[in-house]
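Peer 1: requesting a structural model of the entry that follows:
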Amino acid sequence: MYRFKCTSCDKWHEGIPGWGWNFPPAYFLVPEAERGSRCFLTQDLCVVDDSAFYVCGCLEFPVVGSSETLSLRVWLFVSKSDFLTFQDLIGVPKRADKGPFPGILSVPIPSYPETMGLAVSIRIRDDGVRPHVALAPTDHPIYAEQLKGLGADRIQALYDYFEHGRFEN
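Peer 2: The predicted model follows:
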């Protein structure tokens, strides 16, 4: 099991937590009082103003020196037709033969240069597992880390943000 001594709290942490976003950022651009009429939101799908369509997926990274995987729950902008396909497949046990689908990463991932707007490929998985998100080839450092793995320094930076509410670039 992956284990590291946190430089923020000086405690030993075991395992790789899963982190992520419960809403796409566009959801928060809608005033709270208007969200009920302008937004549709579930744990896996979101529509804003009947014109912006989002699905939730897992951006996964191998962990250097470990057999574990770090998974970030992220929101992806997709076309309306692909959104409707995703919606139709909710609850379908065998669905991995559909897709892959193109999408755009729609969350800012801390400790990286700007990640919103990066192209992705979304692959639906069977048995209700959230879709796998693969970054399209780019020179962005997050792409290299999705291929080669996250080191202890990146895991610490993500831990600082998600668990300790700290962010340093």
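
Peer 1: may I have the beta-bridge partners of residue 60?
Peer 2: residue 71 (DSSP bridges).

Peer 1: which strands or helices does the helix or strand of the chain with the lowest mean pLDDT pack on?
Peer 2: Lowest mean confidence among the helices and strands of the chain (mean pLDDT, DSSP states H and E): strand 3-5, at a mean of 76. For strand 3-5, the elements it packs on are strand 12-14, helix 152-164, judged by 3 or more CB pairs under 8 Å, 6 or more residues apart in numbering; DSSP states H and E. Every C-beta, even on glycine, is put in place using the N, C-alpha and C of the backbone.

Peer 1: residue ranges of the strands in this structure, please?
Peer 2: Listed in chain order, the strands of the chain (DSSP state E) span 3-5, 12-14, 19-20, 39-41, 45-48, 52-62, 69-78, 101-105, 119-123, 132-135.

Peer 1: as TSV, those strands with mean neighbour count and distance to residue 162 would be great.
Peer 2: Rendered in TSV, the data for the strands of the chain read as follows (neighbours: other CB atoms under 10 Å; distance: least, CB to CB, whole Å):
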stretch	mean neighbour count	distance to residue 162
strand 3-5	11	14
strand 12-14	11	12
strand 19-20	17	4
strand 39-41	16	21
strand 45-48	20	21
strand 52-62	22	14
strand 69-78	22	9
strand 101-105	20	17
strand 119-123	18	21
strand 132-135	20	18
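
Peer 1: what are the contacting residues of the least confident helix or strand of the chain?
Peer 2: Contacts of strand 3-5 with the rest of the structure, by CB atoms under 8 Å, 6 or more residues apart in numbering, involve 11, 12, 13, 14, 15, 152, 155, 156.

Peer 1: quick check: pLDDT value at the first one.
Peer 2: At residue 11, the predicted lDDT confidence score is 84.

Peer 1: now it: phi and psi?
Peer 2: Per-residue torsions, residue 11: phi -110, psi 160 (degrees, to the nearest 10).

Peer 1: looking at strand pairing, list the partners for the closest residue to it other than its chain neighbours.
Peer 2: Counting by CB to CB, 6 or more residues apart in numbering, residue 11 lies nearest to residue 5, which is 7.3 Å off, once chain neighbours are set aside. The residues listed as beta-bridge partners of residue 5 by DSSP bridges are residue 12.

Peer 1: in contact with the residue positioned nearest the centre of the chain, which residues?
Peer 2: With distances taken as CA atoms, centre = their mean, the chain has residue 74 as the residue nearest its mean C-alpha position (2.0 Å). For residue 74, the contacting residues are 20, 21, 56, 57, 58, 59, 105, 106, 107, 109, 133, taking CB under 8 Å, 6+ apart as the criterion.
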